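Asks: Give me a 3D structure for the following:
(chains A and B)
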Amino acid sequence: MNETPDAKQILLQILEIIGYGENREAFAADFMNLCAQEAMADMIDKLTDEQIEAIQQKLAGSQSVEDTRAALAEFYTGDDYMKALAASCNKSLTEFITTVLPTLSPEQGKKLSEYVVKFAPAATA
Amino acid sequence: MSELPPNPDVVSDADKLATELAERQRVTAEKEVTERSKKYIFDKKKGLLHGIYATMHDRPKTAAFMTVLGLIGGGLAATAFVPGLAPVGQVLLEIGRQFGATLAGIGASISRLLHGSPGEKAVGAMNAVADKAIGGTSAAVNTINTLAGANVIADIVPLPAGAGQAVELVAQNVLQPTLNNAAPAIDQLMSNATAVKKLIPGL
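Replies: Just a heads-up that it's a prediction; the model follows:
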């Protein structure tokens, strides 16, 4: 597996294996949004009150995307966000799998194992 | 004494019953995994809201900033605000890459479980104890499966990265509540089966 895995496809595949019985597309969208939200919350939470004040002064009431990006750029970068995103994705997917694992049948467990093994370093090399 | 040939009607009824039972079990399992999955998403959203609520009390300016910008509710769309990021596409790629890395990290743990990990062995052993101790009623077996599930989870969480946090997560959020919920059934079992004590250190 040399290409970057598609996040939505990964979630849909896992949901199919575990037999999720409702809207899988909606679940995948919710899951990815939550990862992004958690990363964003972590980033904002790290800012001090003084930094927040400085950002708000720069924005001066503007809520435009460009102004906000420029105001935030002084305090964190896209790389910082990506690190926070990696942490939230890792935590969320691990938590989710450990949540559903005890309910899986042996056959589902085997399928999940076979799917997951595709991502092992030897398989990705 | 010669054996009677199998009665086709009885065999057919037994097959039907087995098929029906298997289907019922499949539907029950699907319902449970779906409910667990939905609850996970619900709890996650609730956790984020609690985080914002706590921030409102401790750091009102930060909470106001989060709310005004709509950063939390915005999900992937809100990543447009992040300096240096192309909106959504780059973030989706990173999420996919990280999901792949996470699965690579836990793959070995899942395989170990499926091929005879201590957690799996505990499940089998506990089922056997439950069968002998209180006649194998489904409620008791389910309780013990839940309890054993906590051990399984402890076996699955990838320890190398953030081992302390993972152990704490399992202990606080999974293991202890599970043990608390299962306590009455465990008490009953303990009086009948001392083997349980050997399987659950600390009880």
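
Asks: Regarding chain B, what is its longest helix?
Replies: Looking across chain B with DSSP state H, the single longest helix is helix B:8-58.

Asks: Can you pull up the most central residue in chain A?
Replies: Against the mean C-alpha coordinate of chain A, by CA atoms, centre = their mean, the closest residue is residue A:35 at 3.1 Å.

Asks: mind listing what it touches?
Replies: Applying CB atoms under 8 Å, 6 or more residues apart in numbering or on different chains to residue A:35 gives the contacts A:85, A:88-89, A:92, B:95. (Each C-beta comes from the backbone N, C-alpha and C, glycine too.)

Asks: Now, these that are in helices?
Replies: In helices, defined here by DSSP H, the members of these are A:85, A:88-89, A:92, B:95.

Asks: Looking at these, spot the one nearest residue A:4.
Replies: Checking the ones in helices among the contacts of residue A:35 against residue A:4 by CB to CB gives residue B:95 as the nearest, at 9.9 Å.

Asks: The closest one: what's its closest spatial neighbour, skipping adjacent residues?
Replies: Spatial nearest neighbour of residue B:95, excluding adjacent residues (CB to CB, 6 or more residues apart in numbering or on different chains): residue A:7 at 4.0 Å.

Asks: what's near enough to touch that neighbour?
Replies: Neighbours of residue A:7 in contact, by CB under 8 Å, 6+ apart: A:28, A:32, B:92, B:95-96, B:99.

Asks: which residues of chain A score low on pLDDT?
Replies: Low-confidence segments of chain A, defined by pLDDT under 70: A:1-2, A:122-125.

Asks: domain parsing for chain B?
Replies: As recorded under automatic domain parsing, the domains making up chain B are B:1-73, B:116-203.

Asks: re earlier: out of the ones in helices among the contacts of residue A:35, who has the most neighbours?
Replies: Neighbour count (other CB atoms under 10 Å in any protein chain shown) singles out residue B:95 as the most crowded of those, with 29 neighbours.

Asks: per-residue pLDDT, it?
Replies: We have a pLDDT of 94 for residue B:95.

Asks: re the thing from before, least reliable of the domains of chain B going by mean pLDDT?
Replies: domain B:116-203 has the lowest average pLDDT among those, namely a mean of 45.

Asks: so where do the helices sit in chain A?
Replies: A:7-18, A:24-46, A:49-59, A:65-73, A:78-100, A:106-116, A:121-124.

Asks: Quick check, pLDDT for the nearest residue to residue B:91 once chain neighbours are set aside.
Replies: Spatial nearest neighbour of residue B:91, chain neighbours left out: residue B:79 (4.7 Å); criterion: CB to CB, 6+ apart. At residue B:79, the model reports a pLDDT of 85.

Asks: what's near enough to touch the most far-flung residue of chain A relative to its centre?
Replies: In chain A, residue A:60 marks the outermost C-alpha relative to the chain mean, sitting 31.1 Å out by CA atoms, centre = their mean. By CB under 8 Å, 6+ apart, no residues touch residue A:60.

Asks: Can you list the buried residues in stretch B:94-110?
Replies: Using 16 or more other CB atoms under 10 Å in any protein chain shown as the test for burial, stretch B:94-110 gives B:94-107, B:109-110.

Asks: try stretch B:47-65
Replies: Buried residues in stretch B:47-65, counting neighbours by 16+ other CB under 10 Å, are found at B:48, B:51-52, B:55, B:59, B:61-63, B:65.

Asks: same question, stretch A:54-62
Replies: Of the residues in stretch A:54-62, A:55-56, A:59 count as buried by neighbour count, 16+ other CB under 10 Å.

Asks: From the chain's centroid, how far away is that stretch?
Replies: Centroid separation for stretch A:54-62 versus its chain: 28 Å, with CA atoms, centre = their mean, to the nearest Å.

Asks: what's the answer for stretch A:19-32, then?
Replies: Chain-centre distance of stretch A:19-32: 14 Å, with CA atoms, centre = their mean.

Asks: and if you look at stretch A:101-116?
Replies: Using CA atoms, centre = their mean, the offset of stretch A:101-116 from its chain centre is 22 Å.

Asks: next one: stretch A:13-22
Replies: Its chain's C-alpha centre and that of stretch A:13-22 lie 19 Å apart, by CA atoms, centre = their mean.

Asks: Quick check on the residue farthest from the centre of chain A: phi, psi?
Replies: The phi/psi pair for residue A:60 (degrees, to the nearest 10) reads phi 50, psi 50.
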